[in-house]
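S.K.: I would like the atomic coordinates for the input below:
(4 chains)
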2 protein chains.
Amino acid sequence: MATIQDVAKEAGVSVATVSRVLNQHASVSAKTRAKVEDVIERLQYNPNMLGRNLRCSQSRMLLVLVPSISNPFYSKIVQGIEDIARRNQYNTLLCTTDSDVERENVYLDLLRNRMADGVISMDPAVDLANIRQLGEEYPVIQCCEYSETDQTPYVSIDNQTAAYKAVKHLLMMGHKKVAIINSDERFLYARHRKEGYLLALEEFDIPVDPHYLIHTDLHFESGHRAMKSLLGLEDRPTAVFAVSDTLAIGALRSIKEAGLKVPDDMAVVGFDNIPFASMMNPSLTTVAQPMYEIGCEAARMLIKRIAAPQDRVESIVMDYELIIRESTMG
Amino acid sequence: MATIQDVAKEAGVSVATVSRVLNQHASVSAKTRAKVEDVIERLQYNPNMLGRNLRCSQSRMLLVLVPSISNPFYSKIVQGIEDIARRNQYNTLLCTTDSDVERENVYLDLLRNRMADGVISMDPAVDLANIRQLGEEYPVIQCCEYSETDQTPYVSIDNQTAAYKAVKHLLMMGHKKVAIINSDERFLYARHRKEGYLLALEEFDIPVDPHYLIHTDLHFESGHRAMKSLLGLEDRPTAVFAVSDTLAIGALRSIKEAGLKVPDDMAVVGFDNIPFASMMNPSLTTVAQPMYEIGCEAARMLIKRIAAPQDRVESIVMDYELIIRESTMG
DNA sequence: TTGAAAGCGCTAACAG
DNA sequence: CTGTTAGCGCTTTCAA
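M.R.: Model prediction:
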């Protein structure tokens, strides 16, 4: 394992010169440069980033906190982050928190340890007070889930309006009994989507039935279970709005197991438009989030912030789109 | 940002002592330890890993190369890797290669740059000669896809027998016309699964119809397209074996769009048993790979290898299981 | 255009 | 049990 010293000695120059060649400094004569490059090639020299990172006090690493990597929604966002990171010579440290505050905190140590130059947090479990304080000390971007009360920049969509439109679509199709399978309301997006749901009901003068309000996590087993309990209701709904495609997919399965037809017996709307949504049978009506672009924007914001920590970074609200498919329009 | 120097000065001890406290050395008196820990707390000191890593010449980072993070098959494996890594104080550097050799090579530079202590490669696109050479210089573990000719340790399943059993299941149900949607045969697992397919056909004295052999990538759009062309055949098959659940899911969609019934008009078997497989309508018969455990084993092997690079590490062949569901058994 | 030298923050001999 | 010191590999003044 050759070091910069070896290269310098072999090329008959100082380590400073080798470093300059490595970093494309203009102030190196063509001849010297050629000589050094030749030696680098011959010795198969690879700069040791551990040394460089210490010296430069940076890791060129972006910490990305996701609740789960299994949900294709997050994978898509991560793809966007990675692409932008790579283009800016950053690497991505992807960490799965399972929405566990403690685990999340361990990962945040990577920031404090200087193993990461900044963090994109998608983790709804985040201790918000914590994140805010962190945001004052380190470059932090919130993605999808965020705190309304602090200044940490975020990228998200208008969850309330999006949910409102999804539910309105069901109501316009004549449904009077619409349930919602929501996630935990400690998450802002869950609160917002519920508000949208309520707004739509109100507009159509439909009273809220508390039995139609279910809270759970995002796994499709949970969607499956939620739908099952909905189907067991005395006065069961004719349509359901699930705040995540994974939940909706679980719900579809439940309905099929009960021998019912979608959308005739039960219409279903999901949220996110993960790639699987269009492959389902029936295909899933859903609110499409621009997942990849959300990731890209978050990464751009973070990189900007790392480069100029004191600059103000504007939060971004992205567009969404209701995609109508078979699960509501047979 | 306090350094170890600050702590030492403030506590009135040497940096060596602080370092000893940090690293839980037994040889520190309780009193000194308490004093130092108190200062650490007060100064909110966090050790700078950049310094430690340089000094120790390690990054405590595991490089993980996956073709794609969108395929739940890989996400599950990555979960296993991450869990084991975390338990051993390693972090995971997850990199998506898109099966692009060049991108992969850029990521492998992270090894050469000492930004990672070892690598788990699941990338079928890997330049095999390359990986072998790398394996001589660095800790490398191959996962799922591997080279038969070199000594780099791997963890995988017996793809040939697994495919054989999957196809045999179809043949036992009376199918005489069984197609295979395979991926690129530059991948060992693709060659093995095809061999298993051929073996089963041979055992049942069924001649191979070249029209029933399709090669493509793993996206479900590709499965969708492949099935469509299969359905367009003059003498179309009555069953299909897809070498990945994603392909099978695309195929299911195609069949439904053609107005045909699964499994009556067309039986479908997938491979992997990703979580979505059981949620499909109809649910998908598939070969279950122990994805999570595969990841765990790969991580264990790598960590062992990093600790003792010269020790021999045995490759592991894991079990699989054919899971029969509605897509073949109505 | 180049080199000498300092130092990023940490760990680990070695000596006491 | 604790301190002194060297040095991991690199970049970057500063001076020549």
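
S.K.: which residues make contact with the helix or strand bottoming out on mean pLDDT in chain A from outside it?
M.R.: In chain A, no helix or strand scores lower on mean pLDDT, DSSP states H and E than helix A:128-137, which sits at a mean of 82. Here helix A:128-137 makes contact (CB atoms under 8 Å, 6 or more residues apart in numbering or on different chains) with A:Asn105, A:Leu108, A:Leu111, A:Val119, A:Ser121, A:Val140, A:Gln142, A:Ser147, A:Thr149, A:Asp150, A:Gln151, A:Thr152. For every residue, glycine as well, the C-beta is placed using N, CA and C.

S.K.: Would you tell me what helix or strand the last one is located in?
M.R.: A:Thr152 is part of no helix or strand, with elements assigned from DSSP states H and E.

S.K.: again, but for the fourth one
M.R.: According to DSSP H and E, A:Val119 maps onto strand A:118-121.

S.K.: Now the least confident helix or strand of chain A: buried residues?
M.R.: A:Leu128, A:Ile131, A:Arg132, A:Leu134, A:Gly135 (16 or more other CB atoms under 10 Å in any protein chain shown).

S.K.: for stretch A:151-171, same thing?
M.R.: A:152-157, A:159-171.

S.K.: now it: mean pLDDT?
M.R.: Across stretch A:151-171, pLDDT averages out at 97.

S.K.: Make sure A:Gly80 is indeed in a strand.
M.R.: No. Counting by DSSP: H, G, I helix; E, B strand; the rest coil, one finds A:Gly80 to be helix, located in no strand.

S.K.: Is it in contact with A:Ala299, as I believe?
M.R.: Yes. If you go by CB atoms under 8 Å, A:Gly80 and A:Ala299 touch, sitting 6.8 Å apart.

S.K.: Neighbour count for the two, which is higher?
M.R.: When A:Gly80 and A:Ala299 are compared for neighbours, A:Ala299 comes out ahead with 30 against 21, by other CB atoms under 10 Å in any protein chain shown.

S.K.: tell me how far stretch A:73-83 is from the chain's mean position?
M.R.: 7 Å (CA atoms, centre = their mean, to the nearest Å).

S.K.: Can you pull out the residues in contact with it?
M.R.: With CB under 8 Å, 6+ apart, stretch A:73-83 has contacts from A:62, A:64, A:66-69, A:92, A:94, A:120, A:122, A:143-144, A:244-246, A:272, A:274-275, A:289, A:291-299, B:69-70, B:75, B:95-96.

S.K.: one step back: let's see the ChimeraX selection covering just the buried ones among the contacts of helix A:128-137.
M.R.: Selection of buried members from the contacts of helix A:128-137 for ChimeraX, criterion 16+ other CB under 10 Å:
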select /A:108,111,119,121,140,142,147,150,152
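
S.K.: Which of the buried residues of stretch A:151-171 fall in strands?
M.R.: Among the buried residues of stretch A:151-171, the members found in strands (DSSP state E) are A:Tyr154, A:Val155, A:Ser156, A:Ile157.

S.K.: which one among those residues gets closest to chain B?
M.R.: Of all these, A:Val155 has the smallest distance to chain B: 19.6 Å, by CB to the nearest CB.

S.K.: Which strand residues bridge A:Leu94?
M.R.: A:Val64 (DSSP bridges).

S.K.: what number of residues lie near it?
M.R.: 28.

S.K.: and the gap between it and DNA strand C?
M.R.: Noted for A:Leu94: a distance of 25 Å to DNA strand C, by CB to the nearest atom of the strand, to the nearest Å.

S.K.: Can you give me every residue that contacts that residue?
M.R.: So A:Leu94 contacts A:Val64, A:Val66, A:Ile69, A:Val78, B:Thr92, B:Leu94 (CB under 8 Å, 6+ apart).

S.K.: In terms of model confidence, name the weakest of those.
M.R.: Within the contacts of A:Leu94, pLDDT is lowest for A:Ile69, at 91.

S.K.: what about it, which SS state?
M.R.: coil.
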